[in-house]
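> no sequence on hand, only this structure:
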Ligand SMILES: Cc1ncc(COP(=O)(O)O)c(C=O)c1O
């Protein structure tokens, strides 16, 4: 399925959850990344059981970078 | 050497920032503390091999495109933006202190007072309460007693060494308990593990000021402190050439707890980093009490010698205390390394048989104390502690003069009290200086 991640289109396996997405995207220090799913902040506790759907738009954001 | 651009640069900066966080430095936690003082959190910089973290004397950091800086502000990429928020020289000091205090992450501030006020203002707001030991440093006492009430945050002061007193002061509005490891100038030693137990039972966060003991004597996080603060102006810096402070999150508190409601918005986004995120992206950013990169450099280099300095401070102070306590010219000598001190047992357990640099003397009257201070040749009369030099002060007329008589008693301040921060000069010279001056009284 196709997702939009930080503005770029990416192809991932069907039915993966948010934790898995952070893994396949090779996000460094996933503990320091917050996730917005279709414009809403996703509770960190829900990363594991939030299954993604084709066409979802995600923002993976470092909440404490030098710019924070 | 061409400058890094775009993604390459963002990931280089990200690696630098991540180096300041626990997971990457875990492996070094097995090292002895003396080694961590020197190597903790910093490896020679890659492009030049510089063995000290360079001073990045730059207010802001340039980007090659509007898109690139937008990505950093949005959080899609790591990047330094503006030195009130962060700066690579500050990151290097934070990384070292995170490791030294067994923490999760750290934030440096302009001073110890900035570290304490930023911590409390992040966790409490109008209508909230905090609980503090009564025998704390005068500046912190004033912050809690006079300044924070103007913003609706009130403090209940309790007997610092009595865990039950903290328990009895807890209400639904309590947001944190604040404790100093060695009360100043009362030199009382709260049992951190016992107070941590009370705090844990009620879900209250425990903040410990470790300025006077330093990580050389003791790491409060190992006994249950949730947040550790320091005035790094003292022993950490060592040579008394810069003011600074730091806040270390031990990583032990569950930020989803109802008592942390002031930062629940951040908890959702930042999880275990909620407190750090709340400070960095709001309270610290908005209050603006940031450390200068030059001062951060002085702290990072100063802390390298903390091990040998503290060893000598402790040795000299112990020798001075034993000598003075047996001297009839002195009415009372107070030092936590003397068996006569009521908290000797707690101190011994907590600090592993080392007792720090602070001692106090009672000389009978204010006049005799003044005569003694004026007669010293080498020891310096000034309002500081933790310098390599021996320092003396009369608390009642200086650092504690704003306190009422009653508060002074709680702080252990009498009109004849002299506080000594024993330095690391040769012990015979410190003794000779004191001996001469005691003879003049
Ligand atoms: C125990 C303690 N905490 C905090 C402070 C405040 O630190 P600063 O002077 O760096 O603001 C001091 C000393 O001034 C102190 O002795």
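Structure received. None of the values given here were measured: they were computed from a predicted structure.

> does chain A sit close to stretch B:259-272?
Yes. Shown here: stretch B:259-272 in contact with chain A (CB under 8 Å from any CB of the partner chain) through B:266, B:268, B:269, B:270, B:271, B:272. (C-beta placed from N, C-alpha, C; glycine too.)

> do you know how far the last one is from the ligand?
Going back to what we said before, that points to residue B:272. Distance from residue B:272 to the ligand, counting by CB to the nearest ligand atom, to the nearest Å: 26 Å.

> am I right that that residue is in contact with residue A:29?
No. With contact defined as CB atoms under 8 Å, residue B:272 does not reach residue A:29; the gap is 11.8 Å.

> re earlier: among the residues of stretch B:259-272 next to chain A, which are located in helices?
Mapping the residues of stretch B:259-272 next to chain A onto helices (DSSP state H) picks out B:266, B:268, B:269, B:270.

> buried only: go through those for me.
B:266, B:268, B:269, B:270 (16 or more other CB atoms under 10 Å in any protein chain shown).

> pLDDT at the second one, what is it?
What it means is residue B:268. With respect to pLDDT, residue B:268 has a value of 85.

> give the contact list for it.
By CB atoms under 8 Å, 6 or more residues apart in numbering or on different chains, the contact set of residue B:268 is A:41, A:43, A:44.

> burial of residue B:248, as a residue count?
Burial measure for residue B:248: 30 neighbouring residues, criterion other CB atoms under 10 Å in any protein chain shown.

> for the ones in helices among the residues of stretch B:259-272 next to chain A, which one is nearest the ligand?
Proximity of these to the ligand was ranked by CB to the nearest ligand atom; the top entry is residue B:266 with 25.6 Å.

> right, and the closest one touches residue B:274 too?
Yes. Residue B:266 is within contact range of residue B:274, at 4.2 Å (criterion: CB under 8 Å).

> picking up where we left off before, Serialize the ones in helices among the residues of stretch B:259-272 next to chain A to a markdown table and add fields for distance to residue B:235.
What follows is those, written out as a markdown table (distance: CB to CB, whole Å):
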| residue | distance to residue B:235 |
| --- | --- |
| B:266 | 32 |
| B:268 | 38 |
| B:269 | 36 |
| B:270 | 32 |
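
> how far does stretch B:431-441 sit from the chain's center?
The chain centre lies 33 Å from the centre of stretch B:431-441; the measure is CA atoms, centre = their mean, to the nearest Å.

> can you tell me which residues in the stretch 1-150 of chain B are near the ligand?
Within the stretch 1-150 of chain B, the positions adjacent to the ligand are B:111, B:112, B:113, B:137, B:139, B:140 by CB under 6 Å from any ligand atom.

> who touches both of residue B:266 and residue B:274?
Common contacts of residue B:266 and residue B:274 (CB under 8 Å, 6+ apart): residue B:255.

> get me the contact residues on chain A for chain B.
By the rule CB under 8 Å from any CB, the part of chain A lying against chain B is A:6-7, A:28-29, A:31-32, A:34, A:41, A:43-44, A:59-68.

> in strands only, show me these.
A:34, A:41, A:59, A:60, A:61, A:62 (DSSP state E).

> which parts of the stretch 1-150 of chain B are helices?
Using DSSP state H, counting those that start in this stretch, the helices of the stretch 1-150 of chain B run over B:6-19, B:22-25, B:33-39, B:66-74, B:88-100, B:112-123, B:138-142.

> ok, of these, where does mean pLDDT dip lowest?
When the helices of the stretch 1-150 of chain B are compared on average pLDDT, helix B:22-25 comes out lowest at a mean of 45.

> can you count the residues close to residue 40?
Reading this off chain A. Residues near residue A:40, counting by other CB under 10 Å, number 8.

> the chain in question should be chain B.
Neighbour number of residue B:40 under other CB under 10 Å is 23.

> my guess is it meets residue B:100, correct?
Yes. Using CB under 8 Å, residue B:40 is in contact with residue B:100, at 5.8 Å.

> which single residue of chain B ends up nearest the ligand?
Nearest residue of chain B to the ligand (CB to the nearest ligand atom) works out as residue B:112 at 2.3 Å.

> quick one, what contacts that residue?
B:139, B:209, B:211, B:229, B:230, B:231, B:232, B:233, B:234, B:243, B:244, B:245.

> would a markdown table of those with secondary structure, distance to residue B:57 and neighbour count be doable?
Output for the contacts of residue B:112, formatted as a markdown table (DSSP: H, G, I helix; E, B strand; the rest coil; distance: CB to CB, whole Å; neighbours: other CB atoms under 10 Å in any protein chain shown):
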| residue | secondary structure | distance to residue B:57 | neighbour count |
| --- | --- | --- | --- |
| B:139 | helix | 29 | 15 |
| B:209 | strand | 30 | 29 |
| B:211 | coil | 27 | 26 |
| B:229 | strand | 26 | 30 |
| B:230 | strand | 24 | 31 |
| B:231 | strand | 24 | 29 |
| B:232 | coil | 19 | 32 |
| B:233 | coil | 21 | 23 |
| B:234 | coil | 25 | 21 |
| B:243 | coil | 18 | 21 |
| B:244 | coil | 16 | 27 |
| B:245 | strand | 20 | 28 |
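
> done for today, thanks.
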